[in-house]
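J.: Return atomic coordinates for the entry below.
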Amino acid sequence: MPQPFRLPSRLARRGALLGAGAVLVVLGLLVWWLVPGGGRTPSGRVTFSTGTHTGVYERYGALLKKELAHDLPDVDVTLRASQGSGENVRRVATGKADFTIAAADAVAEYRREHLPGADRLRGCARLYDDYMQLVVPRSSSVKSVADLRGKRVAVGGRSSGVRLIADRLLSAAGLDINRDITAVGIGIDAMPGALESGDIDAFFWSGGLPTTHVRTLSEHFPVRLVELGSLVDRLHQQGGTARYYRAAVMPADAYPAAQRGQPVTTLAVANLLVTTDRMSPELTEEVTRTVISSRDRIGAVVHAAQLVDLRTAIYTDPLPLHEGARRYYRSVKP
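T.: The predicted structure follows:
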């Protein structure tokens, strides 16, 4: 016999509503967890200032653009070549670019001189170290920086990080870049060819290890790497932004054909991912996330990028950390 229909009790109705509410909360949390920001991703256009043609900065920027296209499909990234760190910092500080890579000493120098927009610069990540390299023909009489007196030496473009460090190294060795050498303002794309043809006697380069141009040159033209480590103390005595240089060793396998199983002492300086406080926290957080998460894929091509480390990325001295980058590091903190 059918049971008569009865309205649910007030207690039963309340229990059902609470249960449905709990399910909705759980579903909402799942959506939030699986799709950060509720499925909304940053959009717009950004400009990334890179570096000299075929240099490490340019190659890194091109690979990062591909990673960003995958992670942030609504963000249109434009790459702009540059002479290097000095020009990169100036572009970002003055709003002509949104993100860049620059060496810590170049960033510190820009801030020390209180140049336009210096106070707006912010760091997103410490990336990898650049190693200073002085390359000469194997038959060269140059055994130290002091031996460059009277030589034709490529020192990078006027706004490059290479030029900044070369100037300081020459000074530490008692030489003046404008009087004691013939300074040639070309980049890494032209330096190897100029050395091989005899148009220059040596070149300075600051880049991640190994730098493709240096390695390729060493494999078909006999060259040596001149030690620079003995000048680190004198560099530090210059004070100011020279404190961002540290003693380092290029391992014997960096350029096997040039080093012949011998490590070479030198100096290194950190590279930073740089933006300004004009950039939104949301976009900066996601760009920082992509930089860290793409380390192995980019590093398979640009070997220096393999050294990007989440544990040290947060240390962006001399720049304060951007709020968006801070959010990212908090989100992945164990």
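
J.: What separation do you get for the closest residue to Q238 other than its chain neighbours and L235?
T.: Of all residues not flanking Q238 in the chain, R168 sits nearest, at 6.3 Å (Cβ to Cβ, 6 or more residues apart in numbering). (Glycine included, C-beta is placed from N, CA and C.) Distance, R168 to L235, by Cβ to Cβ, to the nearest Å: 6 Å.

J.: Spit out the residues that contact these two alike.
T.: Each of A242 lies in contact with both R168 and L235 under the rule Cβ atoms under 8 Å, 6 or more residues apart in numbering.

J.: which residue ranges form the helices in the stretch 101-250 of the chain?
T.: Using DSSP state H, counting those that start in this stretch, the helices of the stretch 101-250 of the chain run over residues 104-112, 161-172, 191-197, 212-220, 232-237.

J.: can you put those helices in a markdown table and add mean pLDDT and mean neighbour count?
T.: Below are the helices of the stretch 101-250 of the chain laid out as a markdown table (pLDDT from 0 to 100; neighbours: other Cβ atoms under 10 Å):
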| stretch | mean pLDDT | mean neighbour count |
| --- | --- | --- |
| helix 104-112 | 96 | 23 |
| helix 161-172 | 96 | 24 |
| helix 191-197 | 97 | 18 |
| helix 212-220 | 95 | 18 |
| helix 232-237 | 96 | 15 |
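
J.: a markdown table for those, including distance to T284?
T.: Formatted as a markdown table, the helices of the stretch 101-250 of the chain follow (distance: least, Cβ to Cβ, whole Å):
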| stretch | distance to T284 |
| --- | --- |
| helix 104-112 | 17 |
| helix 161-172 | 23 |
| helix 191-197 | 34 |
| helix 212-220 | 30 |
| helix 232-237 | 33 |
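
J.: Looking at those, spot the one closest to D277.
T.: Closest approach to D277 among the helices of the stretch 101-250 of the chain is made by helix 104-112 (13.7 Å; Cβ to Cβ).

J.: ok and that closest one relative to helix 161-172, angle-wise?
T.: Helix 104-112 runs at 90 degrees relative to helix 161-172, counting by axes from the mean of the first three to the mean of the last three Cα atoms, to 10 degrees.

J.: got the CA positions of helix 104-112 in PDB?
T.: Taking C-alpha atoms only, helix 104-112 is exported to PDB below (Å, rounded to 0.1, in the frame of the first residue of the first chain):
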ATOM      1  CA  ALA A 104      73.500  43.000 -11.600                       C
ATOM      2  CA  ASP A 105      76.400  45.400 -12.000                       C
ATOM      3  CA  ALA A 106      74.700  47.200 -14.900                       C
ATOM      4  CA  VAL A 107      71.500  47.500 -12.900                       C
ATOM      5  CA  ALA A 108      73.400  48.800  -9.800                       C
ATOM      6  CA  GLU A 109      75.300  51.300 -12.000                       C
ATOM      7  CA  TYR A 110      72.100  52.700 -13.400                       C
ATOM      8  CA  ARG A 111      70.600  53.100 -10.000                       C
ATOM      9  CA  ARG A 112      73.800  54.600  -8.600                       C
END
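
J.: which helices and strands sit right next to it?
T.: helix 85-93, strand 121-137, helix 161-172, strand 264-276 (3 or more Cβ pairs under 8 Å, 6 or more residues apart in numbering; DSSP states H and E).

J.: just checking, I314 touches Y329?
T.: Yes: using Cβ atoms under 8 Å, I314 is in contact with Y329, at 5.1 Å.

J.: what do these two both touch?
T.: The contact sets of I314 and Y329 overlap at L321 (Cβ under 8 Å, 6+ apart).

J.: what does stretch 174-186 contact?
T.: So stretch 174-186 is contacted by 145-146, 148-158, 163, 166-167, 170-171, 194, 199-200, 203 (Cβ under 8 Å, 6+ apart).

J.: Repeat the analysis, applying 10 Å as the threshold.
T.: Applying Cβ atoms under 10 Å, 6 or more residues apart in numbering, the contact partners of stretch 174-186 are 52, 83, 145-160, 162-163, 166-171, 173, 190-191, 193-194, 199-204, 234.

J.: if we can go back for a sec, and among the helices and strands packed on helix 104-112, the most buried is which?
T.: helix 85-93 (a mean of 27; mean count of other Cβ atoms under 10 Å).

J.: quick one: that one to chain centroid distance?
T.: 13 Å (Cα atoms, centre = their mean, to the nearest Å).

J.: got any ranges where the stretch 201-334 of the chain has weak pLDDT?
T.: Where the stretch 201-334 of the chain drops to pLDDT under 70, the residues are 334.

J.: go with 90
T.: 208, 302-307, 333-334 (pLDDT under 90).

J.: quick one, strands of it?
T.: Per DSSP state E, counting those that start in this stretch, the stretch 201-334 of the chain carries strands over the ranges 202-207, 223-225, 246-250, 264-276.

J.: Relative to the longest one, what are the paired strands and their orientations?
T.: In the sheet, strand 264-276 lines up against strand 99-103 (antiparallel), strand 121-137 (antiparallel), strand 246-250 (antiparallel) (DSSP bridges).
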